[in-house]
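Novice: how does the following fold in three dimensions:
(chains A and B)
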There are 2 protein chains.
Amino acid sequence: MTPEQSVVATVVHAWKQNLERADRIFSTLSERDLQREVGPGKNRLVYLWGHLIAVHDAMLPLLGLGERLHPELDDAFLKNPDRVVADSLSAADLKRLWNEVNQRLLEAFGAFTAAEWTEKHTVVSAEDFAVNPLRNRLSILLSRTSHVSYHLGQATLAPR
Amino acid sequence: MTPEQSVVATVVHAWKQNLERADRIFSTLSERDLQREVGPGKNRLVYLWGHLIAVHDAMLPLLGLGERLHPELDDAFLKNPDRVVADSLSAADLKRLWNEVNQRLLEAFGAFTAAEWTEKHTVVSAEDFAVNPLRNRLSILLSRTSHVSYHLGQATLAPR
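Specialist: Numbers count the residues shown, from 1 in each chain, chains lettered A, B, ... in the order given. Here you go, the predicted model:
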């Protein structure tokens, strides 16, 4: 492996590790567990999980990997705070969506070269990217890796 | 910038962004605010901040950057849970240590090439590193970036 390949493999590995951590926490929860809040009056675990799925799904167009698979998640998990939209997805539904979206992303990530990772993402203009070349695909991956971890820190606080 | 340089600059930038976020949260807290808990009976903000400083300080030897600056933090913030060791540091003390440790790290990070980031860190053996070359310095930086974000997610839950 060249240093370039190794750097990219290490970043993708860190993403995967955070997804696995999330998987261990969320995929084992019962319907009842998913209703637990991360603190008094705070988000429920079901909301955090749906939120992560919606945010990951939105990475597809952002990274130039095609259309959203599940834009229908946004109302409940992205545009509104928890409890505004009535629950409509079971734990099994969420698990299926979580796996589907992350698998699609991982397939693409395995194929990106360092040069492709450092291309601009789709929301920054060519002009802005010329000024700030760090607004690239990799910055999206890193920011979403931190985002998973941020909410995992919260999920572990949910009292049993 | 070559893709290699750009990838490395993007990863260091993500680290910096998380530190800045932490700085905005912790450096503005009063002594009284630092006593707030992230949830009923959970860690206090002062503990999370001290914990981050100790973990970052420990990155120095781990990345081959020299001795720890503040191993004296470990008893209160790393080896023991919150409230076992009596508080001895003021908000001003913590701010000074936080800045000192992170500045030392950032100076070194600015000088590392992609090849240096993909060298083994100091805790993995040469044999284990040969089997798993992703146990490199960069993996430490990524894991500590996630670690900051994990605790920031918790810090934002502390009720006022």
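Novice: just want the most central residue of chain A.
Specialist: Centroid-nearest residue in chain A, with CA atoms, centre = their mean: A:His56, separated by 3.3 Å.
Novice: dump the helix or strand bottoming out on mean pLDDT in chain A to CSV, restricted to CA.
Specialist: Lowest mean confidence among the helices and strands of chain A (mean pLDDT, DSSP states H and E): helix A:126-131, at a mean of 92. What follows is helix A:126-131, C-alpha atoms only, in CSV (Å, rounded to 0.1, in the frame of the first residue of the first chain):
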residue,chain,number,x,y,z
ALA,A,126,-16.5,25.2,-8.1
GLU,A,127,-15.6,28.7,-7.0
ASP,A,128,-15.9,28.0,-3.3
PHE,A,129,-14.0,24.8,-3.8
ALA,A,130,-11.1,26.6,-5.5
VAL,A,131,-10.8,28.8,-2.4
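Novice: remind me which helix or strand A:Gln17 belongs to.
Specialist: A:Gln17 belongs to helix A:3-26 when assigned by DSSP states H and E.
Novice: state the number of residues packed around A:Gln132.
Specialist: Let me fix one detail, which is that residue A:132 is Asn and not Gln. A:Asn132 has 12 neighbours, counted by other CB atoms under 10 Å in any protein chain shown. Backbone N, C-alpha and C define where each C-beta goes, glycine included.
Novice: OK, contacts around it?
Specialist: Residues counted as contacts of A:Asn132 (CB atoms under 8 Å, 6 or more residues apart in numbering or on different chains) are A:Val124.
Novice: and with 10 Å instead?
Specialist: For A:Asn132, the contact set (CB atoms under 10 Å, 6 or more residues apart in numbering or on different chains) comprises A:Lys120, A:Val124, A:Ser139, B:His13.
Novice: A:Val124 too?
Specialist: A:Leu62, A:Ala130, A:Val131, A:Asn132, A:Pro133, A:Arg135, A:Asn136, A:Ser139, A:Ile140.
Novice: got the phi and psi for it?
Specialist: The phi/psi pair for A:Val124 (degrees, to the nearest 10) reads phi -90, psi 140.
Novice: same deal with A:Glu37?
Specialist: The phi/psi pair for A:Glu37 (degrees, to the nearest 10) reads phi -100, psi 150.
Novice: for it, which non-adjacent residue is closest in space?
Specialist: Computed as CB to CB, 6 or more residues apart in numbering or on different chains, the closest residue to A:Glu37 that is not its neighbour in sequence is A:Arg44, at 5.3 Å.
Novice: repeat for A:Arg160
Specialist: Nearest non-adjacent residue to A:Arg160, counting by CB to CB, 6+ apart: A:Arg36, 7.3 Å away.
Novice: could you tell me how many residues sit around that neighbour?
Specialist: Neighbours of A:Arg36 (other CB under 10 Å): 16.
Novice: ditto for A:Ala126
Specialist: Considering only other CB under 10 Å, A:Ala126 is surrounded by 7 other residues.
Novice: what's the distance between the closest residue in space to it that isn't next to it in sequence and A:Asp128?
Specialist: Excluding the flanking residues, the one nearest A:Ala126 by CB to CB, 6+ apart is A:Lys120, at 7.0 Å. Distance, A:Lys120 to A:Asp128, using CB to CB, to the nearest Å: 8 Å.
Novice: what residues are shared contacts of those two?
Specialist: A:Arg135.
Novice: tell me where chain A has helices.
Specialist: Assigned by DSSP state H, chain A shows helices spanning A:3-26, A:31-34, A:45-57, A:59-62, A:74-77, A:91-111, A:114-117, A:126-131, A:137-155.
Novice: now for the fourth one, which elements pack on it?
Specialist: In this case it means helix A:59-62. If contacts are counted by 3 or more CB pairs under 10 Å, 6 or more residues apart in numbering or on different chains; DSSP states H and E, helix A:59-62 sits against helix A:91-111, helix A:137-155.
Novice: which outside residues touch that helix?
Specialist: Helix A:59-62 is contacted from outside by A:55, A:65-71, A:101-102, A:104-105, A:108-109, A:121-124, A:137, A:140-141, A:143-144, using CB under 10 Å, 6+ apart.
Novice: just the CA coordinates for that helix, please, in PDB.
Specialist: Output of helix A:59-62 as PDB, limited to C-alpha atoms (Å, rounded to 0.1, in the frame of the first residue of the first chain):
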ATOM      1  CA  MET A  59     -24.600  11.300   1.900                       C
ATOM      2  CA  LEU A  60     -25.400   9.500  -1.400                       C
ATOM      3  CA  PRO A  61     -26.200  12.700  -3.500                       C
ATOM      4  CA  LEU A  62     -23.700  14.700  -1.500                       C
END
